[in-house]
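Chemist: What follows is a predicted structure for the sequence shown.
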Amino acid sequence: MTKLDSLIAELCSDGVEYKTLNSVILSLKTGLNPRKNFALNSNDADNYYVTVREIVDGKIVFFDKTDRVNDEALRLIGNRSNLETGDVLFSGTGTVGRIAVVKEAPKNWNIKEGVYTIKPNQEFVTSKFLAYLLGSASVVDSYKTKIVGSPVCSLPMAELRKLSIPIPPLPVQHEIVRILDNFTELTAELTAELTAELTARQKQYEYYRNYLLTFDKDANTILTDGRTDGRTDGRTDGRTDGRTDGKVGDIRRDSD
């Protein structure tokens, strides 16, 4: 029996209670759109204006194309969003359902209207558990029927407040988050490794393509032996040696 199984058996013997999102959070707010409030990308704009585009894989990512706002605009937006460490960002318009946890108090960025900031009541639900929960298939299925609008879609804040979600005891939440964090970290490592592997394979392919298709005017032989293998990624050659087939030796052209 795993630790999670033990915790569920001990603390959830009668099942897990479902509650509305509104009953387990302190507030649900949003940012501010420019309109008559402020201008984007003014000469003195040094702060980032976060939209759904900047919410990527659970993180806030700033791009070269990310809009900027000045200090006064940042203050105005902050008065409305009240962003703090531990808040959960949820994109409520456009691409609905992108999620990120605010890891530290924002100093040089804030959010547009339509990006919601959910402030969990930590007595009932942790920030990371709520973030994982809002991205789960069952919860997404629950709220996607409430999405309205075309071509710009949105999930009204009132509907988000009504969302019914499972709230297990905090020790169970902590263990679930620990497990999912481990999977997330492993996935990131594998993605990085696969990206590096793909890059190495592409370089290897390009080398062999160029080598095999380059002919000496005075020669009728192209070698595909260890001399070429040594120039490829040694760590992964074992899987491709059979395909480049160093045992074959030469690829010959018949002379006319």
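Modeler: Received it, and whenever you're ready, just let me know what you need.
Chemist: residue ranges with poor pLDDT in this protein?
Modeler: 212-256 (pLDDT under 70).
Chemist: And the strands in it?
Modeler: 18-20, 25-30, 47-50, 55-56, 59-60, 68-69, 88-91, 99-101, 109-111, 115-120, 164-166, 221-223, 250-252 (DSSP state E).
Chemist: Could you dump these into TSV and include distance to residue 183 and mean neighbour count?
Modeler: (C-beta placed from N, C-alpha, C; glycine too.) Formatted as TSV, these follow (distance: least, Cβ to Cβ, whole Å; neighbours: other Cβ atoms under 10 Å):
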stretch	distance to residue 183	mean neighbour count
strand 18-20	25	12
strand 25-30	26	17
strand 47-50	26	23
strand 55-56	18	16
strand 59-60	16	14
strand 68-69	35	23
strand 88-91	19	25
strand 99-101	16	20
strand 109-111	28	25
strand 115-120	22	22
strand 164-166	19	17
strand 221-223	46	14
strand 250-252	46	11
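Chemist: Turn those into a markdown table, including distance to residue 76.
Modeler: Below are the strands of the chain laid out as a markdown table (distance: least, Cβ to Cβ, whole Å):
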| stretch | distance to residue 76 |
| --- | --- |
| strand 18-20 | 31 |
| strand 25-30 | 13 |
| strand 47-50 | 11 |
| strand 55-56 | 21 |
| strand 59-60 | 20 |
| strand 68-69 | 9 |
| strand 88-91 | 18 |
| strand 99-101 | 22 |
| strand 109-111 | 9 |
| strand 115-120 | 15 |
| strand 164-166 | 32 |
| strand 221-223 | 68 |
| strand 250-252 | 70 |
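Chemist: From the centroid of this protein, which residue is nearest?
Modeler: By Cα atoms, centre = their mean, the chain has its centre lying nearest to residue 57, at 0.8 Å.
Chemist: pretty sure residue 60 is touching residue 99, no?
Modeler: No - with contacts counted by Cβ atoms under 8 Å, residue 60 stays clear of residue 99, the gap being 11.0 Å.
Chemist: okay, and the common contacts of these two?
Modeler: Both residue 60 and residue 99 are in contact with residue 89, where contact means Cβ atoms under 8 Å, 6 or more residues apart in numbering.
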